[in-house]
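Participant: A structural model of the following input is requested.
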Amino acid sequence: MPIKEGLPKVFPKTTTLIVGNLPLPEKAFDKNRRQYRSNQILASIQSCDPQKEVDRILGVVDVDIFVPDLNFVFGEATFPGKAALISLWRLKPEFSGEPANVKLLAERSVKEAIHEVGHTLGLKHCTRSSCVMFFSNSIFDTDRKQRLFCDECYLQAAIAIDCLK
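Facilitator: Next up, the predicted model:
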């Protein structure tokens, strides 16, 4: 999985447990919107009790997720905290009517995973559109940004990681 390879490159001092195939809480599904409440799924990730010591837990789902007041989100995280969530649903090129592209999906999923793990460290959204911490209002924003932090966000992440160790 590209996320397992991509996260350690950006967070070499942070151990992240990546959990796929999460059981989705029934109460998370909103029948009117036909989407899942990301905060409900995030709560179930927070309750995971891994057998080994980890710094972060990242849940990966393949359903459409949302938060109130937004049509959708690519992910959510505890801020700051230990748990993060990303959804592959809208990251897939097929969602936008494009042909399937495994490489593009991998790139998008790694960016969103880095972004959400960044939130667990207390990083806020960045105003620089190329920074991985830039808020993705659309898939175009995700495609435009890099896998990397800008200098300011990198410094904040490094300080947070050192403070947590």
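Participant: just the pLDDT at residue 49, thanks.
Facilitator: Each residue has a pLDDT score; the one for residue 49 is 61.
Participant: and the gap between residue 15 and residue 69?
Facilitator: From residue 15 across to residue 69, the span is 33 Å (C-beta to C-beta, to the nearest Å). Backbone N, C-alpha and C define where each C-beta goes, glycine included.
Participant: got the contact list for residue 154?
Facilitator: residue 148 (C-beta atoms under 8 Å, 6 or more residues apart in numbering).
Participant: what pLDDT does it get?
Facilitator: Among the per-residue scores, residue 154 holds a pLDDT of 96.
Participant: the one 10 residues further on too?
Facilitator: At residue 164 the predicted local confidence, pLDDT, stands at 65.
Participant: what's the separation between the residue of the chain most remote from its centre and residue 89?
Facilitator: In the chain, counting by C-alpha atoms, centre = their mean, residue 32 sits farthest out from the average C-alpha position, at 24.8 Å. Distance check for residue 32 against residue 89: by C-beta to C-beta, it reads 18 Å.
Participant: for the closest residue to residue 146 other than its chain neighbours, give its distance to residue 142.
Facilitator: Counting by C-beta to C-beta, 6 or more residues apart in numbering, residue 130 is the residue found nearest to residue 146 once chain neighbours are left out, at 5.3 Å. As for residue 130, its distance to residue 142 is 12 Å (criterion: C-beta to C-beta).
Participant: repeat for residue 111
Facilitator: Taking C-beta to C-beta as the measure, residue 111 falls 6 Å from residue 142.
Participant: residue 35 now?
Facilitator: 18 Å.
Participant: for the chain, what spans make up the helices?
Facilitator: 2-10, 38-46, 102-120, 139-144, 151-164 (DSSP state H).
Participant: can I get the ones you listed in TSV including distance to residue 83?
Facilitator: Converted to TSV, the helices of the chain look like this (distance: least, C-beta to C-beta, whole Å):
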stretch	distance to residue 83
helix 2-10	14
helix 38-46	4
helix 102-120	7
helix 139-144	21
helix 151-164	14
